[in-house]
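Peer 1: Here is my input, please return the structure:
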Amino acid sequence: MHISTMLVFWSLASLVRNSVVLAVYLLFSVACFFTVHEHLAMEYLGYPADRQAAENTRRLILGEGNPYYYKGVKASGIGSAHTPSGYIWHIAMAVQGLTSKSQGEKLAILKRMAATTGGKGVMHEGFLCDDDKQYTREWFSWANAMYMELFLDYLGYRLETSACGADRLA
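Peer 2: The predicted structure is shown next:
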């Protein structure tokens, strides 16, 4: 094989490999770092995003194309490699609500979060999508705080966030 042909094949192989690595990173980061996930929560975190790109990203993250998106009898939402398979994070549900433009979706998520406490009345790290009595962390203050932030957001109180980190109550 001629050296120039080998270089073309090597370049194409590198391009494909890097694309696959990027795709795996994006899906993995969706699930593993979704405490306040950078892709879904760009606007929430104060970073400007192209509207179409943000909407497409939201559909990918909140759909069955995401290997950590679970649907069950109790709820549907995003889990993580850090919790058992089929477990949904209350924090992810709150971020979904905080990034929604629909008051109806926000209210539905608030109700779903309140209904998936396993009878404890507090949020957990994660719960089984088919049985909220199976959960991780008896009490998880971060998830409780995110629930309250979504509740306040639903009522019209929202922190304005800038990319430089300066926050103020709107």
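Peer 1: which residues touch the longest strand along the chain?
Peer 2: What stands out as the longest strand in the chain, according to DSSP state E, is strand 131-136. Residues outside strand 131-136 that contact it (Cβ atoms under 8 Å, 6 or more residues apart in numbering) are 73-75, 83-84, 87, 115-119, 124-128. Using the backbone N, CA and C atoms, a C-beta is placed for each residue, glycine as well.
Peer 1: out of the residues you listed, which are buried?
Peer 2: Buried members of the contacts of strand 131-136, counted by 16 or more other Cβ atoms under 10 Å: 74-75, 83, 87, 116-118, 124-128.
Peer 1: Test for you: state the pLDDT assigned to residue 2.
Peer 2: Predicted confidence (pLDDT) for residue 2: 54.
Peer 1: Use 34 as the first number for this chain going forward.
Peer 2: Let's use 34 as the start, then, which means that last one is residue 35.
Peer 1: Which residue ranges of this structure form strands?
Peer 2: 102-104, 109-111, 120-122, 159-161, 164-169, 192-194, 200-202.
Peer 1: Would you mind telling me which of these is nearest residue 137?
Peer 2: strand 109-111 (16.0 Å; Cβ to Cβ).
Peer 1: just how off-centre is that closest one within its chain?
Peer 2: 8 Å (Cα atoms, centre = their mean, to the nearest Å).
Peer 1: Which other helices and strands does that strand contact?
Peer 2: strand 102-104, strand 120-122, helix 123-131 (3 or more Cβ pairs under 8 Å, 6 or more residues apart in numbering; DSSP states H and E).
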